[in-house]
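>>> Let me see the structure of the following:
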Amino acid sequence: MCEGIVWAVCLSKKKGTVKEDVGEATLIEGMGLEGDAHAGFMHRQVSLLALEDIEKMREKMPNLGPGSFAENITVKGLDMDSLSIGDRISVGETLLEVTQIGKECHSKCEIFKITGDCIMPKKGIFCAVIKGGRVKKGDVVKKVKK
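Just a heads-up that it's a prediction; the model follows:
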């Protein structure tokens with residue numbers, strides 16, 4: 001699908017911890033999610049992950065949910081596999097640009113150690129914040145033309 005919705009908005013105060021669903025937060029242009037430990041002036045300012053991918057992992061580890069993979073925004077219904085680097089995504093009143101798909105996992109996370117798999121290195125979508133604003137559960141998420 002070319003359109004989905006925000007299922008969760010997650011942040012953590014410290015790196016290396018599971019993110020908590022806070023329902024809504026502010027994305028700061030050029031920075032990331034306000035108050036999140038991973039926000040900063042880099043190309044991976046905010047991360048997205050499909051709820052559908054988290055649900056597949058629940059077959060191996062039932063207690064997984066939004067934020068378990070340290071993603072900032074959990075999206076339902078958008079075909080995340082159709083995204084490419086350089087694509088732009090509107091999320092509520094904000095605009096993101098895809099800067100990286102997946103990431104190298106230097107030290108295997110607890111999820112990998114338990115299940116033998118982790119989806120963030122293959123399925124995580126990392127973006128720069130082009131236009132900031134509020135993001136909340138239920139906001140429309142869609143790929144937009146440049």
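>>> Geometric centre of the protein: which residue is closest?
Leu48 (1.7 Å; C-alpha atoms, centre = their mean).
>>> Now for that residue: which residues touch it?
Residues near Leu48 by C-beta atoms under 8 Å, 6 or more residues apart in numbering: 71-75, 80, 89, 96, 124-127. All C-beta atoms are positioned from the backbone trio N, CA, C, and that covers glycine.
>>> any idea where the strands of the chain begin and end?
For the chain, the strands defined by DSSP state E cover 3-11, 20-21, 24-28, 32-33, 46-50, 73-76, 88-91, 94-101, 125-131, 133-136, 140-144.
>>> For the second one, enumerate the helices and strands it packs against.
Same thing as strand 20-21. strand 3-11 (3 or more C-beta pairs under 8 Å, 6 or more residues apart in numbering; DSSP states H and E).
>>> Now the strand it packs on: buried residues?
4-11 (16 or more other C-beta atoms under 10 Å).
>>> Output the lowest mean pLDDT helix or strand found in the chain.
helix 110-115 (a mean of 53; mean pLDDT, DSSP states H and E).
>>> which regions of the chain lie under the pLDDT threshold?
By pLDDT under 70, the weakly predicted segments of the chain are 1, 104-121, 146.
>>> in stretch 133-140, what's buried?
Judged by neighbour count (16+ other C-beta under 10 Å), stretch 133-140 contains these buried residues: 135, 137, 139.
>>> Stretch 93-107 too?
Buried residues in stretch 93-107 (16+ other C-beta under 10 Å): 94-99, 101.
>>> Could you do stretch 13-31 as well?
Residues of stretch 13-31 classed as buried: 18-19, 22, 25, 27-28, 31 (neighbour count, 16+ other C-beta under 10 Å).
>>> how about that stretch as PDB, C-alpha atoms only?
Output of stretch 13-31 as PDB, limited to C-alpha atoms (Å, rounded to 0.1, in the frame of the first residue of the first chain):
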ATOM      1  CA  LYS A  13      16.000   8.700  27.200                       C
ATOM      2  CA  LYS A  14      19.000   6.400  27.000                       C
ATOM      3  CA  LYS A  15      20.600   4.500  24.100                       C
ATOM      4  CA  GLY A  16      20.500   0.700  24.200                       C
ATOM      5  CA  THR A  17      17.100   0.500  25.900                       C
ATOM      6  CA  VAL A  18      13.600  -0.400  24.500                       C
ATOM      7  CA  LYS A  19      11.700   2.600  23.500                       C
ATOM      8  CA  GLU A  20       8.300   3.500  25.100                       C
ATOM      9  CA  ASP A  21       5.200   4.400  23.200                       C
ATOM     10  CA  VAL A  22       4.400   7.900  24.200                       C
ATOM     11  CA  GLY A  23       1.400   8.400  21.700                       C
ATOM     12  CA  GLU A  24       2.600  11.600  20.300                       C
ATOM     13  CA  ALA A  25       5.800  13.700  20.100                       C
ATOM     14  CA  THR A  26       7.500  16.500  18.100                       C
ATOM     15  CA  LEU A  27       9.900  15.800  15.200                       C
ATOM     16  CA  ILE A  28      12.500  18.600  15.000                       C
ATOM     17  CA  GLU A  29      13.800  19.500  11.600                       C
ATOM     18  CA  GLY A  30      17.300  18.300  11.000                       C
ATOM     19  CA  MET A  31      17.400  16.600  14.400                       C
END
